[in-house]
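Chemist: Quick one: sequence and predicted model below, then my questions.
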Amino acid sequence: MTASFTTSRRSSRRGGWTAWAFIAPVVIYLLVFYAYPLGRNIELSLRDYTVRSFIDGTAPFVGLENYIKVFASATFAPALLNTALFVGVSILFQFSIGLALAVFFIKNFPLGSTLRALFLVPWLLPLLVSGSVWSWMLNSDSGVVNSFLEAVGIGQINWLTSPHWALVAVLIANIWIGIPFNLVILYSGLQGIPSEVHEAASIDGANGWQTFWRVTFPLLRPVSAITILLGLVYTLKVFDIIWIMTKGGPADSSTTFAIWSYRLGFGSLLPDFSPAAAVGNLLILVALVFGLIYIRTQRRLDVN
Amino acid sequence: MEINRKFKAVGAVVLAVGMSVAALTGCSSSTSSNGSHVKASYTFWDPYPQYDASSAWAKVINSCAADAGVTIKRTGYDTSDLTNKALLAGQQKNSPDILLVDNPVVSTLAEAGILTTTAENKLVVGDVAKNILGAGVIDGKTYGVPIGANTLALYYNPKVLAAAGVDIASVKDWASLTDALAQVTAAGKKGITFSGIGTEEGSFQFLPWYWGSGADLTKLDSDKAVSALTLWKNWVDKGYAPNSVLNNTQTTSWQEFQTGDFAFAENGTWQKADAAKMGDQVIPLPAATGGAAPAPTGGEFLTIPVQKDAARYAASAKIVACMTSTKNVVNTDNTLNYIAASKDAQKDQLAGDATLKPWIDAVQVAQARTGNNLGTKYPKISEQLWTAVQKALSGSASPSDALKAAQAAVK
């Protein structure tokens, strides 16, 4: 009795060792490339780093002072509002236009796959190229868009230099870039829905819109959830487009948290890393909240 | 039994890795002990990646190093990268022997403790003009010498002015300049282009007007400062300057000027060859009530970073002195399109090229941005200044409100 008990205990310990050995590389990778930078960033935001800190390593611990500075800053409210607007409106339009295009393409027609491939181009272009071209097109005096608007009689709009239009301009560019991603994922999601479901719906007398809204869209929920989550987390971090087009200006009218963090850290001649790290941590916190909401939604979908 | 075998395998791997690491470090450590008859090797960092080893710039460095009895390894970095690289090198206690950096960065590096003063490195400064040297002087200590300077002036297109009936000799101060712009715009052409972007370039371009009104960077909300910002705002509102100035870099502003539609452009020494090709000429930027406005100095400083071995400073100082000697510096500055920093060198430059006169005049009244002990306060002031310019030009705030907010933020 005792002999067999000890051998089974030894074999489970052996199994435990093997399991740890297998996941050790992943754990080490996560610790080095995720946990360490995150910990370092939190430490950066809790201390006061100056240029001299780089050289002699002294950085006095100041607790939450950097966070208080960030919350009390005049840029905080506009940045928060702009981030919320930018993310919300981007996702709304990227998702709905992507879904509309996916539904359009799901009926296979000649040259459909070629057209779909062409629709991917905005996503494939380097962001520097997209940002620069949109800047040229939206230039107040020499841009194509304003020439068109003037020809149609609407007059000149200062897309990139007016505090009212700067956020709209970067939104348009970001939506244009994000549609292909939604299109691709939602298209594959639609392909996963068996055609018998649509046939059953049409036999029951549902028209096109009813079929879409009551049959297709609910079946697409898991794919929609992941698309929206990925889109949210990505859009929170969008930096290149806004920086190239407006640099967050004029006067903070297109500044989001990502832009603000970069501007604090690298935007001036004298780097100010501690507040930049604080803003970065706030951004991570928001992304974390979105992630948790997604996990909750996923669990509820699984239960259903 | 199986656990023992596993431990043996792991142990063997660890031993093998450990021994190979030890062998490799053993190999590398033996190469550092050279004989004393080999020339010491010095490192030189500069922000001119466009010049390779065969360029005149590299040849000057090599010949000065040979004169000092050392070999030199020169690396060119992108100028915006160089500050970070210098900080990192300082942190590793691995700084180059000679570092050529943009002048507003000198005070940042000095504050970080990376640079030596002339008292430590025994560099003889010579007769460098005080206004250009200002960027390297902090609390009375000199941290570097300028390789040359460039600055801003007012380019004009004679064809556009002639077509609008404007005489350039009449443009002497702000009022006459604004009148000229009105005349040009009425004749159907465009007035003036400059860079007002929300970066250091925007502050750089605004400073001649700011200083030309008599304002001081320590008081951003003075009436004189408000008058300077109002000048720009009125130009944009009346259409004398295009709306794109809010997003223009100096390069895109120059491209607008090159279309031939603009009468005036505010730009720097580095465009003078291009301007000559197009037939454009230049006058100093006018101050509010006449005379030349003090423009900010561009250009790099030769600095000697802190080294572990203080004996290296002697050769570094020799190389720096050789590079800034009149003969060498005139050749260098002609290649770089800079104006020399000492009066004698400027005379030599003028003798070789008479078209440099307006630039030499402009550099002689120019001011360093981080001078007057502004040092590391300047980046914060500059950031608030360009934010105020953006707010006023875009209409988010009136010039006085924008500058009041800027001054409050600097405190």
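Modeler: Arrived safely.
Chemist: gap between B:N94 and chain A?
Modeler: Applying CB to the nearest CB, to the nearest Å, the value for B:N94 to chain A is 12 Å. From N, CA and C alone the C-beta is placed, and that goes for glycine too.
Chemist: Can you classify that residue by secondary structure?
Modeler: coil (DSSP: H, G, I helix; E, B strand; the rest coil).
Chemist: Kindly list the main-chain dihedrals of it?
Modeler: phi -130, psi 30 (degrees, to the nearest 10).
Chemist: Repeat that for the one 4 residues further on.
Modeler: Backbone dihedrals for B:I98, given as degrees, to the nearest 10, come out at phi -130, psi 130.
Chemist: again, but for B:L115
Modeler: The phi/psi pair for B:L115 (degrees, to the nearest 10) is phi -100, psi 150.
Chemist: confidence score at it?
Modeler: On pLDDT, B:L115 comes in at 93.
Chemist: Let me know whether it touches B:L109 as I believe.
Modeler: Yes - counting by CB atoms under 8 Å, B:L115 does reach B:L109; the two are 5.3 Å apart.
Chemist: and B:T355, what is it in contact with?
Modeler: B:272, B:276 (CB atoms under 8 Å, 6 or more residues apart in numbering or on different chains).
Chemist: separation between it and chain A?
Modeler: 31 Å.
Chemist: Show the model's pLDDT score for that residue.
Modeler: For B:T355, pLDDT reads 86.
Chemist: between B:L115 and B:L109, who's got more neighbours?
Modeler: B:L115 (28 against 25; other CB atoms under 10 Å in any protein chain shown).
Chemist: How about that one: which residues does it bridge to?
Modeler: Taking DSSP bridges as the rule, B:L115 bridges to B:P305.
Chemist: Could you show which parts of the stretch 51-200 of chain B are in contact with chain A?
Modeler: Contact residues (CB under 8 Å from any CB of the partner chain) of the stretch 51-200 of chain B with chain A: B:83, B:87-88, B:90-91, B:104-105, B:108-109, B:111-114, B:197-200.
Chemist: Could you pick out the buried ones from those residues?
Modeler: In these, burial by neighbour count holds for B:83, B:87, B:90-91, B:104-105, B:108-109, B:111-112, B:114, B:197-200, counting by 16 or more other CB atoms under 10 Å in any protein chain shown.
Chemist: Would you check which pair of those residues lies furthest apart?
Modeler: B:Q91 and B:I197 (31.2 Å; CB to CB).
Chemist: For the residue nearest to B:Q384 when sequence neighbours are not counted, the count of nearby residues, please.
Modeler: Spatial nearest neighbour of B:Q384, chain neighbours left out: B:A406 (3.8 Å); criterion: CB to CB, 6 or more residues apart in numbering or on different chains. The number of residues packed near B:A406 is 23, by other CB under 10 Å.
Chemist: And B:L336, what's its pLDDT?
Modeler: 85.
Chemist: for A:T6, same thing?
Modeler: Predicted confidence (pLDDT) for A:T6: 53.
Chemist: any common contacting residues for B:L115 and B:L109?
Modeler: In contact with both B:L115 and B:L109: B:99, B:143, B:303, B:305, using CB under 8 Å, 6+ apart.
Chemist: closest to chain A among these?
Modeler: B:P305 (10.7 Å; CB to the nearest CB).
Chemist: That closest one: what's it in contact with?
Modeler: Per CB under 8 Å, 6+ apart, neighbours of B:P305: B:86, B:89-90, B:95-99, B:109, B:114-116.
Chemist: quick one: contacts for A:A166?
Modeler: A:159-160, A:246, A:249-250, A:253-254.
Chemist: now, among these, which is nearest to B:D67?
Modeler: A:G249 (49.4 Å).
Chemist: Please determine how far that closest one is located from A:Q210.
Modeler: 47 Å (CB to CB, to the nearest Å).
Chemist: Who has more neighbours out of the two?
Modeler: Taking neighbours as other CB under 10 Å, A:G249 and A:Q210 compare with A:G249 leading, 29 against 13.
Chemist: how about the nearest residue to the more buried one, chain neighbours excluded?
Modeler: Using CB to CB, 6+ apart, the closest residue to A:G249 is B:G198 (4.4 Å).
Chemist: backbone phi and psi for the one you found, please?
Modeler: phi -80, psi 50.
Chemist: Assess the claim that it and B:T387 are in contact.
Modeler: Yes - between B:G198 and B:T387 there is a contact at 6.7 Å, judged by CB under 8 Å.
Chemist: intersection of neighbour lists for the two?
Modeler: Common neighbours of B:G198 and B:T387 (CB under 8 Å, 6+ apart) are A:G249.
Chemist: ok, B:D97 - contacts?
Modeler: B:42-44, B:304-305, B:307, B:312, B:315-316.
Chemist: And it, how close does it get to B:F262?
Modeler: In terms of CB to CB, B:D97 sits 45 Å off from B:F262.
Chemist: Nearest to A:V129 among the contacts of B:D97?
Modeler: B:F44 (35.3 Å).
Chemist: Phi and psi next, for the closest residue to that closest one other than its chain neighbours.
Modeler: Spatially, and ignoring its direct neighbours in sequence, B:F44 is nearest to B:R74 (4.4 Å; CB to CB, 6+ apart). Main-chain dihedrals, B:R74, degrees, to the nearest 10: phi -110, psi 140.
Chemist: Tell me, how many residues neighbour B:R74?
Modeler: 21.
Chemist: what do you get for A:A24?
Modeler: That count, for A:A24 with other CB under 10 Å as the rule, works out to 10.
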